[in-house]
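>>> task: produce atomic coordinates for the following.
(chains A, B, C and D)
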There are 4 protein chains.
Amino acid sequence: MTTIENKFPGKDVSDDDLRTKLRLTAKANPGHRSRFTVAGVEFGGDLVPVFAGPNMVESESLIVDIAKAVKRAGAHFLRGGAFKPLTFPYRSAKYAETREEGIAWLARAKAVAGIPVITEIMEEKYIPLVAGVADILQIGARNMQNYPLIVACARTGKPIMLKRHFGCSLRDWLGAAEYILAEGNEKVILCERGISAPHTHRATSRFLLDLQVVPAAQEVTHLPIVVDPSHATFWRAWVAPMALASVAAGADGVMIEVHPDPPNAAVDPLQPVDYAEFKDIMGRMDAVARAVGRKVLA
Amino acid sequence: MTTIENKFPGKDVSDDDLRTKLRLTAKANPGHRSRFTVAGVEFGGDLVPVFAGPNMVESESLIVDIAKAVKRAGAHFLRGGAFKPLTFPYRSAKYAETREEGIAWLARAKAVAGIPVITEIMEEKYIPLVAGVADILQIGARNMQNYPLIVACARTGKPIMLKRHFGCSLRDWLGAAEYILAEGNEKVILCERGISAPHTHRATSRFLLDLQVVPAAQEVTHLPIVVDPSHATFWRAWVAPMALASVAAGADGVMIEVHPDPPNAAVDPLQPVDYAEFKDIMGRMDAVARAVGRKVLA
Amino acid sequence: MTTIENKFPGKDVSDDDLRTKLRLTAKANPGHRSRFTVAGVEFGGDLVPVFAGPNMVESESLIVDIAKAVKRAGAHFLRGGAFKPLTFPYRSAKYAETREEGIAWLARAKAVAGIPVITEIMEEKYIPLVAGVADILQIGARNMQNYPLIVACARTGKPIMLKRHFGCSLRDWLGAAEYILAEGNEKVILCERGISAPHTHRATSRFLLDLQVVPAAQEVTHLPIVVDPSHATFWRAWVAPMALASVAAGADGVMIEVHPDPPNAAVDPLQPVDYAEFKDIMGRMDAVARAVGRKVLA
Amino acid sequence: MTTIENKFPGKDVSDDDLRTKLRLTAKANPGHRSRFTVAGVEFGGDLVPVFAGPNMVESESLIVDIAKAVKRAGAHFLRGGAFKPLTFPYRSAKYAETREEGIAWLARAKAVAGIPVITEIMEEKYIPLVAGVADILQIGARNMQNYPLIVACARTGKPIMLKRHFGCSLRDWLGAAEYILAEGNEKVILCERGISAPHTHRATSRFLLDLQVVPAAQEVTHLPIVVDPSHATFWRAWVAPMALASVAAGADGVMIEVHPDPPNAAVDPLQPVDYAEFKDIMGRMDAVARAVGRKVLA
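Next up, the predicted model:
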């Protein structure tokens, strides 16, 4: 008869992975949770920090305005991409990365609004530029397995948010995190942002939010895990319920896309919420957080 | 050049489906939500009813004990299977359906504990037996597309819980619900219980809880939607966070597997919670429910 | 540290499943393959039998015409549904099951064209009717886990084709086959017809053909496995390449949807091939079969 | 009522994508197929080129030996990784990239055996080194969306094999190819190597081979598409049937992992075939190729 089982690794995290390959990422004991502070904001404790802002840093005035609005609503970090992987190589005037200029605008928004910044980095050569402004370096989902980039970012010593690729397992994801920890950089934040799945419920939505990965990750790793319901759902109306569910599931942070005029956002206009809805979501997330012994607002 | 788009239906619910095929299941207007009462428990309103009990009705004493325990903790319905689809045809003494006997035990538990009952029905010939005891007839995931069975159950006039098959789309699921409504039976409760997905995070877990389907369903249908995190996660430690997330996401009910001695449950011993944990989850779900304007406990 | 591994079953067939739960379905030794004959057609040998015909038995004249055409092209069995699960309950004049009448038409087509017949059965009460005409009873994908129906069909002693549900694992599928074998009925034919997958490449295509399951199934079970590329791809232009690939992968049969006027087929008009294309595919499948030591045509 | 449909892009390639975003990758007309020659081997014509070799370039003697063996068996290209993305950062003596040294060994094997070479490139800084030896630059699945790397490779003018990420759609994949064509580099070869799917049939197999993507890609793009059944199945016994199926499905090339001593391969020892089996597969692929009007062997 055929022998099916064997000792080789599979799709899921195994005990052997935890012992020998996820040496630094695995929990040392069941209660082990990383706690660290970034720009005065604590991760891994009672606070559930919120990252908010536009998909793309479109202009200086826009990002400054958004920075002020999300700060006012209680967000802890301003998010926004100046460098951004796009599925196709063509750029219109509207649909273009703002790159060096965008980073400068982010710096301005940070200074004016007094809010720390997270932004994506796609190439090693831009690390000095981006690390000079960003409080957290974001490795986007599409670069989750770009190990040279991850190692180079890790070496800056900057906190790193590692987004999960939509086709990758928890095992793949923690393996990528281990690359950062192995460089001696312990400020790693995981971020779930939706997976490829057989059904996503709308013809326009490419991903499915995987909230089961929150307790699954917390079972095996001490690293904080943030959830991004905006990219996951790709649909404004589902952002609030999924943000609330993330907090209830125990997420250690939430990332929400905010734009003052969603239908005219440069990219992905179906997903951002406007200022009023963001403010409302913040209040509701705080209420849910308090119901589970945590908090979003001070 | 090849033409890709066409007018034929696809994987997701379309406007045309809503207009022509989901005539009764689709919302009549954005605020449309079904509200109805089953055994004095209201669905579709502020209350988030909880269904609790063992996977299988193992013995009379056990089901009576569980009925009392979950009732005491505030559950609104006792769940438990006397008829149950099993992946393989072989039954041990421990791992066996209790069938007619099990239904009688459920009746006893219902009478003794004073709690309404939901149980699965797999064959048309058992409808009179099951419908004589159950307050809600459950169509299991594996029978979601067994349309003759669904229609026969619908004709009893009894409320029906329709579980989503783990490989089916929202479109398939609502299509099955439409079969019930088309028979004039309007008391239909949807239940999400996990999907087949590329990664489920544990080698033993076969499914992934899809919470995105909660707002997706509520966007297009007026029917209440319940979430079953026990079958979805197949792992006790993830039931509580996913139950809380379900309530926060807006679920109209939660189904939780409860057993006094989980490791010795007749089937699926990895997933039930014990009495103490269930009581704790009830309190936490109520707190989350109140944070989103609803309630679990009276 | 958390313990991940345990002895409980998971998503895939395990050695323990093969020994204790797939007692009759598992191979007795690596070379073990079932060989049996249905209406003079051998399964499990060098021949790769072809099942061809329309999705629905629309009218007597049509099914008789198709029966003659596919027989002439070398098909071994006529397929066609008189009873058919439909996603939504509404039927137009065009889009309707023909039921008892359709079975009578199939009987006529069988007699006139001299070709054995396979057709789907959805309800136990129709077993005498369908078994009186059909040489093989087909359990459709949606009923793969309708165990009472499967057992009732098994007891007729008729050969059974068991289609894989699009959301089910090989383990689930073989478990359903074991129900048939456990009734003493050894003429079981598996049929792969596409799975729910994250990407299916066309907005209109709901499934992805899983050819990897052919060697995977043949590794663990002695039962013959047929592939249905028509339902899997839902797109005419992909049927021929996937049919050829099925034969090359070692499939023990192929099922192809054929209609004289595909765009006007009563259901699923995107998937059938017409007579000329079917004849062409038969020749090409035979050439591929001979390249791998088998044959399609006499 | 809610409006579901809209004009925004979704999961699949749309007509609009073909017209406006896949300008160079889309077919100009239904018969449009790219034909080009690399190191004297024609792609897009009757020949189905075969890429063979080990997962990792482990040592000079080994790669030279494999080069001679696969050349002798009729392979058209030697494959082997000197740079290789690994899920975890830790390397044992056995399980290590050989990097610059490995590239030198590949050069030696190429010279000694007289076979052109394909190898993976992971970082822009190694382009001159790798491009000095390789006849085709391979972008691995994990870098499919590493657009800066893709553009830098494209600018070398070297032919590029672009492997599909296991979580990406055909739309994502062709978008990445468009980045190469947009740089004026027209020698692009697509390579399917398995996808993340709900069921992969073995606990150790992480992927499912997607052969439906072969006709799907050929319907919309003129680029040749190669299939790699070794990485897809991760299981030696399934490589031959899936290689034969690839050829029958119309694949424009096949990539097969070969190692003289599979159980002792440095990485992924479950997937390579040995020399004897490779020779056998070559003969069988040629037979299937001829059955569909193409050829593998001269």
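>>> next, name the residue at the spatial heart of chain A.
A:Cys191 (4.0 Å; CA atoms, centre = their mean).
>>> strands paired with the helix or strand hosting that residue, and their directions?
A:Cys191 is located in strand A:188-192, with elements delineated by DSSP states H and E. If you go by DSSP bridges, strand A:188-192 pairs up with strand A:160-163 (parallel), strand A:225-227 (parallel).
>>> re the thing from before, surely the residue nearest to the centre of chain A touches A:Leu223?
No: in this structure A:Cys191 lies outside contact range of A:Leu223 using CB atoms under 8 Å: 10.6 Å. For glycine as for every other residue, the C-beta is placed from the backbone atoms N, C-alpha and C.
>>> stretch A:39-51: which residues count as buried?
A:41, A:43-45, A:47-51 (16 or more other CB atoms under 10 Å in any protein chain shown).
>>> could you restrict those residues to the ones contacting chain B?
Residues of the buried residues of stretch A:39-51 in contact with chain B (CB under 8 Å from any CB of the partner chain): none.
>>> can I assume A:Glu289 is in contact with A:Val296?
One thing to correct before we go on: residue A:289 is Ala, not Glu. Yes: the pair A:Ala289 / A:Val296 is scored as a contact, 4.7 Å apart, by CB under 8 Å.
>>> identify the contacts common to these two.
A:48, A:247 (CB atoms under 8 Å, 6 or more residues apart in numbering or on different chains).
>>> list the contacts of A:His259.
By CB under 8 Å, 6+ apart, the neighbours of A:His259 are A:54-55, A:66, A:265, A:272-274.
>>> equivalent analysis for A:Ser169, please.
Counting by CB under 8 Å, 6+ apart, A:Ser169 has contacts A:11-12, B:198-199, B:201, D:196, D:206.
>>> export the residues you listed to TSV and tack on secondary structure?
Below are those laid out as TSV (DSSP: H, G, I helix; E, B strand; the rest coil):
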residue	secondary structure
A:Lys11	coil
A:Asp12	coil
B:Pro198	coil
B:His199	coil
B:His201	coil
D:Ser196	coil
D:Arg206	coil
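>>> thinking again about what came up before, gap between the residue nearest to the centre of chain A and A:Ala154?
16 Å (CB to CB, to the nearest Å).
>>> which helices and strands sit right next to the helix or strand where A:Lys279 lies?
Using DSSP H and E, A:Lys279 sits in helix A:275-291. In terms of contacts (3 or more CB pairs under 8 Å, 6 or more residues apart in numbering or on different chains; DSSP states H and E), helix A:275-291 is packed against strand A:50-53, helix A:60-72, helix A:236-249, strand A:254-257, helix B:275-291.
>>> could I get the buried residue list for it?
Result for helix A:275-291 [16+ other CB under 10 Å]: buried residues A:275, A:277-279, A:281-282, A:284-291.
>>> so which residues on the stretch 151-298 of chain A come close to chain C?
A:167, A:196-199, A:203, A:219-220.
>>> where does pLDDT dip in the stretch 101-250 of chain A?
Regions of the stretch 101-250 of chain A meeting the criterion pLDDT under 70 are absent.
>>> thinking again about what came up before, among the contacts of A:His259, who's most crowded?
A:Ile66 (28 neighbours; other CB atoms under 10 Å in any protein chain shown).
>>> pretty sure that residue sits against A:Gly53.
Yes: counting by CB under 8 Å, A:Ile66 touches A:Gly53, with 5.5 Å between them.
>>> taking chain A, what residue is nearest to chain D?
A:Gly167 (1.1 Å; CB to the nearest CB).
>>> now do the SS call for that residue.
From three-state DSSP, the assignment for A:Gly167 is coil.
>>> that one: neighbour count?
By other CB under 10 Å, 27 other residues sit near A:Gly167.
>>> ok, A:Val288 - contacts?
For A:Val288, the contacting residues are A:244, A:247-248, B:248, B:288, B:291-292, by CB under 8 Å, 6+ apart.
>>> need phi/psi at A:Lys295.
Per-residue torsions, A:Lys295: phi -160, psi 160 (degrees, to the nearest 10).
>>> ok, A:Ile139 next?
phi -90, psi 120.
>>> surely it meets A:Ile160?
Yes: A:Ile139 lies in contact with A:Ile160 (CB under 8 Å); the separation is 6.3 Å.
>>> sec struct for the closest residue in space to A:Asp12 that isn't next to it in sequence, please.
Taking CB to CB, 6 or more residues apart in numbering or on different chains, and ignoring the residues beside it in sequence, A:Asp12 has B:Ala203 as its nearest neighbour in space, at 4.8 Å. For B:Ala203, the assignment made with three-state DSSP gives coil.
>>> so B:Ala203 makes contact with A:Ser14?
Yes: counting by CB under 8 Å, B:Ala203 touches A:Ser14, with 7.3 Å between them.
>>> separation between the residue lying closest to A:Phe77 once chain neighbours are set aside and chain B?
Using CB to CB, 6+ apart and skipping the chain neighbours, the partner closest in space to A:Phe77 is A:Phe51 (4.4 Å). To chain B, A:Phe51 is 19 Å away according to CB to the nearest CB, to the nearest Å.
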